[in-house]
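>>> Sequence first, then the predicted structure, then my questions.
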Amino acid sequence: MSCTVELRGTADALLRELVAVGVPQLERALQREDHELPRFVAREFAAYLACRTPERGFAWLECEGCDHHRLVLFSCKTRGFCPSCAGRRMAERAAHWVDRVIPWVGTRQFVLTVPWRRRWLLARRSDLADGVLQVALRILSRWYRTVTGRSDGRSGSVTAIQRFGSALNLNLHFHVVHLDGVFDRGADGQLRFFQHTPSTRDVVVLVQRIERAAERFLASRGFQGEADDTHAEDDAQGVLQLASLLGLHAVGPDANKRVRRVQVLGGKEYALPERCATVEGYNLHANVSLRASDRAGLERLCRYVLRPPLALPRLERLPDGRVRVGMKRVFSDGTGAIDLTPLEFVAKLAAIIPPPRANQVVYSGVLAGNAAWRPEVVPKVPTSTEAERAERAALKLVKAEHRRATSERAGQAPCWAELLRRVFRVDGWECPHCAKPMKLRSIVIREPATTRVLSGLLRSTGPPAEA
């Protein structure tokens, strides 16, 4: 008999150590300033530190051929920065979008960035962020109807609202995967897709319209020009977010000083790429498009727009105890990384955690859940295999016993084993010893049952090995 404990990867050991050390330091530093972290931010940190611990529950898999046992530990299912949970959510949603949401037509990514003076406001007010997004989506849909000449045509999109930049700074912006045209009915009553490719001049016109409409919307809500009265003196996350947006340290001995940058080359002038334009701080990038047949490329794009805020390979521990966060690309001034203490690192994480009940994914147009044409344009759902149906039945059992043990969309989203096959090309049900299929023996989610199972396996096999 043998046993392994599936930890879903141990690459976040450095991140876990930084959070464990930095959170108490952050709380003490904020208390000295008469501030306190919001409860949802504190819960996010606590849940992450408890993520993938056996006491929180696990799925018990067993191989009848070689008597091999595997414990798959439950994750924290947070929405902030946990690499395991965010990575699974990224793969699951990308697969769902490609298989069941985005039709087989040409698509284009629009990336909308708002001015610096608006980013903190939209990060604090999810209703204003949703309003600016809806303004932009209406302008895009109206433009597609005009250029295709289909006044009754309807387009659609799925949007991921990202709250972070490559420097782990607060940077709320919108990644929109938009249909590159409109659907409209022909003379025979059937829906057809009419595609049109925007030029750089078209993007300039679009961003001008978005800038005017977005500022009108914000002015109608009482936020005109630089005015912003959402800041509360006792709101610790607001202080951290403002410092993160400005590239400053919020707490610690270097408070109000700029983040330490690591420059690798001299500055150079930055030229906008094709199909990209900036007007009054509003930037629209639309140079990424995919053919209808490129579904693999579409899934890669969806994973990109849904990616977690932290790329663990870009974290590096320095000899003096600080951590170096590498950039995805070198900035125009030569900055390729930033150096942070555990306190400064955790402060940046706290600034990008989304508030509860704030949508991070938005469906619109013909892809919205209640759209009249949606059943006719979305891909047909493939028939589930017997193995997938059995696994979904097991997941529903977990949900009935403990709602946090599985996703709210367990009956619709791709199952665990399917995601492993799709992303990593591995079979999660395959025994690592004899390659035979393993079976789900039990779902253990409560103490002292978890402790009894672990103790019994340890007595039978010795210390469990990390998978």
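Arrived safely, thanks for sending. Everything quoted here is computed from the prediction, not taken from an experiment.
>>> which other helices and strands contact the lengthiest helix in the chain?
Ranked by residue count under DSSP state H, the longest helix found in the chain is helix 126-148. Under the contact definition 3 or more CB pairs under 8 Å, 6 or more residues apart in numbering; DSSP states H and E, helix 126-148 sits against strand 107-113, helix 116-124, strand 156-164, strand 170-179, strand 181-185, helix 200-220, strand 361-365. In short, each C-beta sits where N, CA and C put it, glycine included.
>>> Give me the below-cutoff pLDDT ranges for the stretch 1-150 of the chain.
Along the stretch 1-150 of the chain, segments meeting pLDDT under 70 span 1-11.
>>> got the residue ranges for the strands in it?
Assigned by DSSP state E, counting those that start in this stretch, the stretch 1-150 of the chain shows strands spanning 2-6, 58-62, 68-73, 107-113.
>>> Quickly run through the sheet partners of the third one, with directions.
To tie it back to what came earlier, the one meant is strand 68-73. Sheet pairing for strand 68-73, assigned by DSSP bridges, gives strand 2-6 (parallel), strand 58-62 (antiparallel).
>>> do you know how far Pro253 is from Arg324?
19 Å (CB to CB, to the nearest Å).
>>> okay, these two: which has more neighbours?
Arg324 (16 against 9; other CB atoms under 10 Å).
>>> what's the spacing between that one and Thr335?
12 Å.
>>> Arg209: what's it in contact with?
139, 143 (CB atoms under 8 Å, 6 or more residues apart in numbering).
>>> Comparing the helices and strands packed on helix 126-148, which yields the minimum mean pLDDT?
Lowest mean pLDDT of the helices and strands packed on helix 126-148: helix 116-124, a mean of 89.
>>> Buried residues in it, which are they?
118-124 (16 or more other CB atoms under 10 Å).
>>> possible to save those as JSON lines with distance to Leu61?
Shown next, in JSON lines, are the buried residues of helix 116-124 (distance: CB to CB, whole Å):
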{"residue": "Arg118", "distance to Leu61": "49"}
{"residue": "Arg119", "distance to Leu61": "45"}
{"residue": "Trp120", "distance to Leu61": "47"}
{"residue": "Leu121", "distance to Leu61": "48"}
{"residue": "Leu122", "distance to Leu61": "44"}
{"residue": "Ala123", "distance to Leu61": "41"}
{"residue": "Arg124", "distance to Leu61": "44"}
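>>> Out of the residues you listed, the closest to Ser155 would be?
For the buried residues of helix 116-124, the minimum distance to Ser155 (CB to CB) is 23.8 Å, reached by Leu122.
>>> Do I have it right that the closest one meets Ala129?
Yes - taking CB atoms under 8 Å as the definition, Leu122 is a contact partner of Ala129 at 4.1 Å.
>>> what do the two both touch?
With CB under 8 Å, 6+ apart as the test, Leu122 and Ala129 both reach Leu172.
>>> mind checking how far stretch 131-146 is from the chain centre?
In terms of CA atoms, centre = their mean, to the nearest Å, the centre of stretch 131-146 is found 23 Å from the chain centre.
>>> Grab the CA positions of that stretch and hand them over as PDB.
The C-alpha trace of stretch 131-146 is given here as PDB (Å, rounded to 0.1, in the frame of the first residue of the first chain):
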ATOM      1  CA  GLY A 131     -21.100  51.700 -16.200                       C
ATOM      2  CA  VAL A 132     -17.900  52.800 -18.100                       C
ATOM      3  CA  LEU A 133     -17.700  49.200 -19.600                       C
ATOM      4  CA  GLN A 134     -21.300  49.300 -20.800                       C
ATOM      5  CA  VAL A 135     -20.700  52.700 -22.400                       C
ATOM      6  CA  ALA A 136     -17.800  51.300 -24.300                       C
ATOM      7  CA  LEU A 137     -19.600  48.100 -25.400                       C
ATOM      8  CA  ARG A 138     -22.600  50.100 -26.700                       C
ATOM      9  CA  ILE A 139     -20.200  52.200 -28.800                       C
ATOM     10  CA  LEU A 140     -18.400  49.200 -30.200                       C
ATOM     11  CA  SER A 141     -21.700  47.400 -31.100                       C
ATOM     12  CA  ARG A 142     -23.100  50.500 -32.700                       C
ATOM     13  CA  TRP A 143     -20.000  51.000 -34.800                       C
ATOM     14  CA  TYR A 144     -20.100  47.300 -36.000                       C
ATOM     15  CA  ARG A 145     -23.800  47.800 -37.000                       C
ATOM     16  CA  THR A 146     -22.900  50.900 -38.900                       C
END
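>>> who touches that stretch?
By CB under 8 Å, 6+ apart, stretch 131-146 touches 110, 112, 114, 118, 122, 151-155, 157, 159, 161, 174, 176, 178-179, 181-182, 196, 198, 202, 205-206, 209-210, 213-214, 217-218, 221, 362, 364-365.
>>> at 6 Å instead, please
For stretch 131-146, the external contacting residues (CB atoms under 6 Å, 6 or more residues apart in numbering) are 112, 153, 155, 174, 182, 209-210, 213-214, 217, 364.
>>> thinking again about what came up before, any idea of the angle the longest helix of the chain forms with strand 170-179?
When axes from the mean of the first three to the mean of the last three CA atoms, to 10 degrees is applied, the directions of helix 126-148 and strand 170-179 differ by 30 degrees.
>>> which residues of the stretch 301-450 of the chain fall in helices?
For the stretch 301-450 of the chain, applying DSSP state H, counting those that start in this stretch gives helices covering 342-352, 374-377, 386-401, 416-424, 449-461.
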